[in-house]
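Chemist: Predicted structure and sequence below. I'll ask about it afterward.
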Amino acid sequence: EVQVAESGGSLVQAGGSLRLSCAASGFSNNDYAIGWFRQAPGKEREGVSCISSSDGTIYYADSVKGRFTISSTNENTVDHTVFLQMNSLKPEDTAVYYCAAEFPPSSCDPLRYGYWGQGTQVTVSS
């Protein structure tokens, strides 16, 4: 069974940093994508950053380029961890952040992702 779980959300001041972690497990195929998405109140869920396992392709939303960095590790063939390092945070980054997985890799369109975590709240105060 595929499981995805996020952690690391918190309240932080503008200009600060946070690192989110996504633990994905239950799949051993090496052809997947894991992405970070966020949803602010009253807004649609949007892709923040996604990484493909097959060729390492990485996507960043324009709004986070140069500030956020996605990285991944594979502890073994069935456990995978993806991090989202967020620097120079802005109040507009405030949202619930979700991690999701999809097989095979796809774009960073949340509609294409089928396995989701519960979300972690990131609040950036001004």
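Modeler: Done, it's in. Residues are numbered from 1 along each chain as shown.
Chemist: make it CA atoms for all contacts and neighbour counts henceforth
Modeler: Fine.
Chemist: quick one, strands of the protein?
Modeler: Per DSSP state E, the chain carries strands over the ranges 3-7, 11-13, 18-25, 33-39, 46-52, 58-60, 68-74, 79-86, 95-102, 115-116, 120-125.
Chemist: what helices or strands is the shortest one leaning on?
Modeler: This means strand 115-116. Identification of packing neighbours for strand 115-116 by 3 or more C-alpha pairs under 8 Å, 6 or more residues apart in numbering; DSSP states H and E yields strand 3-7, strand 95-102.
Chemist: Export those strands to a markdown table and append columns for mean neighbour count, mean pLDDT and distance to S71.
Modeler: Formatted as a markdown table, those follow (neighbours: other C-alpha atoms under 10 Å; pLDDT from 0 to 100; distance: least, C-alpha to C-alpha, whole Å):
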| stretch | mean neighbour count | mean pLDDT | distance to S71 |
| --- | --- | --- | --- |
| strand 3-7 | 20 | 96 | 14 |
| strand 95-102 | 25 | 96 | 13 |
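Chemist: show me the contacts for the residue nearest to S88 when sequence neighbours are not counted.
Modeler: Leaving aside its sequence neighbours, S88 sits nearest to G15 (C-alpha to C-alpha, 6 or more residues apart in numbering; 4.2 Å). Counting by C-alpha atoms under 8 Å, 6 or more residues apart in numbering, G15 makes contact with 87-90.
Chemist: quick one: buried residues of stretch 17-31?
Modeler: 17-25, 27 (16 or more other C-alpha atoms under 10 Å).
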